[in-house]
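**Student:** just coords:
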């Protein structure tokens, strides 16, 4: 594979990672596979490069005060617990039969649902901000919901200052677990699910969401890289380093771009990206394949 | 005395075969590789390999590159719920070469040099492999597998790629440039020249070809397999280090914010 091509792919995905706080695993892995890297190697090496890319992104966001460490740690604990649980669920599904089918359907439904909702919601937001002539440059964190009753009654309430919310730590732990399960089933870092969860369910401001998501992804990918290298031996070091060179630079540029964009613009762009990947997966499920067999070990 | 003579004859024949000089009824076949040990170094992205030789002027030459035989585990795609294409059924092809590339002579259709009777080509492979479960459609699955391998470059029928020189003293030179794809992994392979005349293989010479990791890839590979946990930590450490360095460089450059 051409070195410049790998650098370019890394740069492109790093750019997205910096802008949206999404690890990019859900894009990078299919891209690498398109260029002929085996699925297992692509996924594992990608985790390795995401660890590097998100280090650079997390640092940049930390300097801008965009990382809620307390929230990140809670999500991470939930994420690791959920990930472990998710791996067991996959094992069970494999034993029962068609796990691949369930994985693909989960992918399409999650991507379609999350992407569609984000797209619609931010479109409404953009329309509204145009009508009110930028009187409210609203970040979602300020749109505090009225329905406090049940959530406020949960135990272990904590003030997440950076995120500007006072909620039970059970919420980020619970959502972290849920995302962890989904991420394990879908075989990705989960940033693209985590970001909407923080925006819509935890009501955190978009810029803090991006920084905190990168923080959480960094540790998730460190864990995945070590596990993959240890048990599957699928980490291609040179590929990862080359991707890294491109992506770390891309991440820095992306962070700068992200700062200049409005929250709704960021969301609508991420939503389009998610919908695009969803459409590609749908096409893969619906169109007759050109080759009717695949090597076992990746889907 | 008889035993000594037969011993000498055996040794002479064996050394002739080893030298790649096989004498058959239809004349000699000389064959050699420009290099029989290729190195996979840091920036390796596949390569080419020149092969040359001599055959009787009225013969043709087919060159075959084949890899170690192994069992391949596949998923056959099928429709779920009537409209969704998924990897559905498990199938295995046993005794399948990892690499199979054929180079046929210039100016003639490849089909003239392929077939189970010549032991050359996909149909010959199909005859030799077995499928499990036995109820699966072997010909269909194998044909699809060939498509998959051709896509990654490790299976190929390269028509019209063996070139000939002018006949001289009843012999002619031949040459071909073999493509060694980047997907052909480190290992031991066999490059075979087959002399053909009137639709029959009259002579064959095998040469060993080794693909070997060298330099950084060799170090990394031995570490990844020998000390996987340490390798995982190292990969993470270097990734984070690179992230920190780039982060630092960008701050040094004076960001806008």
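**Tutor:** Looks like it came in fine. Computed from a prediction, not measured in an experiment: that's the story for all the values here.
**Student:** show me where the stretch 101-250 of chain B has its helices.
**Tutor:** Ranges of helices in the stretch 101-250 of chain B, per DSSP state H, counting those that start in this stretch, are B:122-128, B:138-152, B:216-226, B:228-252.
**Student:** looking at this, residue B:90 is in a strand?
**Tutor:** Yes. Counting by DSSP: H, G, I helix; E, B strand; the rest coil, one finds residue B:90 located in a strand.
**Student:** for it, give its distance to residue B:125.
**Tutor:** Residue B:90 sits 21 Å away from residue B:125, going by Cβ to Cβ, to the nearest Å. Heads up, the C-betas are built off the backbone N, CA and C, glycines and all.
**Student:** who's more crowded, those two?
**Tutor:** Shown here are residue B:90 and residue B:125; by other Cβ atoms under 10 Å in any protein chain shown, residue B:125 has more neighbours (22 against 13).
**Student:** what sits closest to that one if chain neighbours are left out?
**Tutor:** residue B:100 (6.5 Å; Cβ to Cβ, 6 or more residues apart in numbering or on different chains).
**Student:** wait, doesn't the one you found sit right on residue B:154?
**Tutor:** Yes. Contact criterion Cβ atoms under 8 Å: residue B:100 and residue B:154 qualify, at 7.3 Å.
**Student:** now do the shared contacts for the two.
**Tutor:** Common contacts of residue B:100 and residue B:154 (Cβ atoms under 8 Å, 6 or more residues apart in numbering or on different chains): residue B:67.
**Student:** and the strands in chain B?
**Tutor:** B:22-24, B:27-33, B:37-40, B:47-56, B:60-66, B:69-80, B:84-97, B:100-105, B:130-132, B:155-164, B:171-180, B:187-197, B:200-213 (DSSP state E).
**Student:** average pLDDT for the fifth one?
**Tutor:** In this model, strand B:60-66 has a mean pLDDT of 96.
**Student:** that strand to strand B:47-56, inter-axis angle?
**Tutor:** Here the directions of strand B:60-66 and strand B:47-56 differ by 140 degrees (axes from the mean of the first three to the mean of the last three Cα atoms, to 10 degrees).
**Student:** coming back round to it: reformat the helices of the stretch 101-250 of chain B as CSV; add mean pLDDT.
**Tutor:** Formatted as CSV, the helices of the stretch 101-250 of chain B follow (pLDDT from 0 to 100):
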stretch, mean pLDDT
helix B:122-128, 94
helix B:138-152, 94
helix B:216-226, 78
helix B:228-252, 78
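**Student:** ok, residue B:102 - contacts?
**Tutor:** Residue B:102 neighbours (Cβ under 8 Å, 6+ apart): B:62-64, B:110, B:113-114, B:120-121, B:156-158.
**Student:** the stretch 1-150 of chain A: strands as residue ranges?
**Tutor:** Here the stretch 1-150 of chain A has no strands by DSSP state E, counting those that start in this stretch.
**Student:** and the spatially most central residue of chain B, how far from chain A?
**Tutor:** By Cα atoms, centre = their mean, chain B has its centre lying nearest to residue B:99, at 3.6 Å. Look at residue B:99 and chain A: by Cβ to the nearest Cβ, to the nearest Å, they are 15 Å apart.
**Student:** now that residue, nearest residue through space, not along the chain?
**Tutor:** residue B:67 (3.3 Å).
**Student:** so who does the one you found touch?
**Tutor:** B:97-100, B:154, B:184, B:187, B:189-190.
**Student:** now render those residues as a markdown table, adding pLDDT.
**Tutor:** Listed next are the contacts of residue B:67 as a markdown table, based on pLDDT from 0 to 100:
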| residue | pLDDT |
| --- | --- |
| B:97 | 95 |
| B:98 | 94 |
| B:99 | 96 |
| B:100 | 97 |
| B:154 | 94 |
| B:184 | 89 |
| B:187 | 92 |
| B:189 | 96 |
| B:190 | 96 |
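**Student:** which of those are buried?
**Tutor:** Taking 16 or more other Cβ atoms under 10 Å in any protein chain shown as the criterion, what is buried in the contacts of residue B:67 is B:97-100, B:154, B:184, B:189.
**Student:** per-residue pLDDT, the residue of the stretch 151-299 of chain A found nearest chain B?
**Tutor:** Closest to chain B within the stretch 151-299 of chain A is residue A:229: 3.1 Å, counting by Cβ to the nearest Cβ. pLDDT recorded at residue A:229 is 78.
**Student:** and it, how far from residue A:235?
**Tutor:** 4 Å.
**Student:** give me the common contacts of these two.
**Tutor:** Joint contacts of residue A:229 and residue A:235 (Cβ under 8 Å, 6+ apart) are A:44, B:224, B:231-232, B:235.
**Student:** considering the residues you listed, which possesses the most neighbours?
**Tutor:** When neighbours are taken as other Cβ under 10 Å, the top entry among those is residue B:235 (30 neighbours).
**Student:** pull the contacting residues for it.
**Tutor:** Counting by Cβ under 8 Å, 6+ apart, residue B:235 touches A:48, A:225-226, A:229, A:235, A:237, A:240.
**Student:** got CSV for those residues, with secondary structure and neighbour count too?
**Tutor:** What follows is these, written out as CSV (DSSP: H, G, I helix; E, B strand; the rest coil; neighbours: other Cβ atoms under 10 Å in any protein chain shown):
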residue, secondary structure, neighbour count
A:48, helix, 29
A:225, helix, 27
A:226, helix, 22
A:229, helix, 28
A:235, coil, 30
A:237, helix, 22
A:240, helix, 29
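**Student:** least confident pick among those?
**Tutor:** Ranking the contacts of residue B:235 by pLDDT, residue A:237 lands last with 73.
**Student:** where do the helices sit along the stretch 151-299 of chain A?
**Tutor:** Under DSSP H, counting those that start in this stretch, the stretch 151-299 of chain A gives helices at A:170-186, A:191-196, A:206-227, A:237-260, A:263-286.
**Student:** what's the least confident stretch among those?
**Tutor:** Taking the mean pLDDT of these, helix A:191-196 comes last: a mean of 75.
**Student:** mind listing the helices for the stretch 1-150 of chain A?
**Tutor:** Under DSSP H, counting those that start in this stretch, the stretch 1-150 of chain A gives helices at A:3-20, A:25-34, A:39-63, A:69-96, A:99-131, A:149-153.
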